[in-house]
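J.: what's the 3D shape of this:
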Amino acid sequence: MTRWTDRIATRRDLPFDPGADQLDCGAVRPVRDGESEMIDTLQARIEALEIHVAHQDATVEDLNGVILDQREELDRLTRRINKMMSQIDQLEAAAPGPEVTKPPHY
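T.: From the prediction side, this is the model:
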């Protein structure tokens, strides 16, 4: 069985029709000596890039979870501060005001 990696196409090998929606790859030629090693190298690089992207996706998901947790904590703390500010306002309203008396030298 021939794998697609055992064959490689170049632009000059492929028929090109500017009006066609897809490129006809029927004229793919067999791999020449040395090209198989290059294909293996390119496949290894692509695989490494795919692994790197997968790790980045996982990192982005982890960071997104941290951001959501921090947002919840921030909302909780904001509600708590608002409640405390309301309590301070109530206490200030209920507290007696300072007595206004003229100093003795007036």
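
J.: let's verify I51: helix, strand, or coil?
T.: Look at I51: counting by DSSP: H, G, I helix; E, B strand; the rest coil, its state is helix.

J.: what about it, distance to S86?
T.: Per C-beta to C-beta, to the nearest Å, I51 is found 53 Å from S86. From N, CA and C alone the C-beta is placed, and that goes for glycine too.

J.: same thing with K102?
T.: Look at K102 and S86: by C-beta to C-beta, they are 36 Å apart.

J.: the two: who's more crowded?
T.: Legend: neighbour count by other C-beta atoms under 10 Å for K102 and S86, higher for S86 (10 against 6).

J.: element containing P98, please.
T.: Of the helices and strands defined by DSSP states H and E, none includes P98.

J.: burial of it, as a residue count?
T.: Counted with other C-beta under 10 Å, P98 comes out at 6.

J.: what does L63 give?
T.: By other C-beta under 10 Å, neighbour count at L63 equals 10.

J.: tell me the confidence at it?
T.: Here the pLDDT value assigned to L63 is 96.

J.: what about it, helix or strand, and which?
T.: Per DSSP H and E: helix 35-94 holds L63.

J.: from L49, how far out is D75?
T.: Using C-beta to C-beta, D75 is found at 39 Å from L49.
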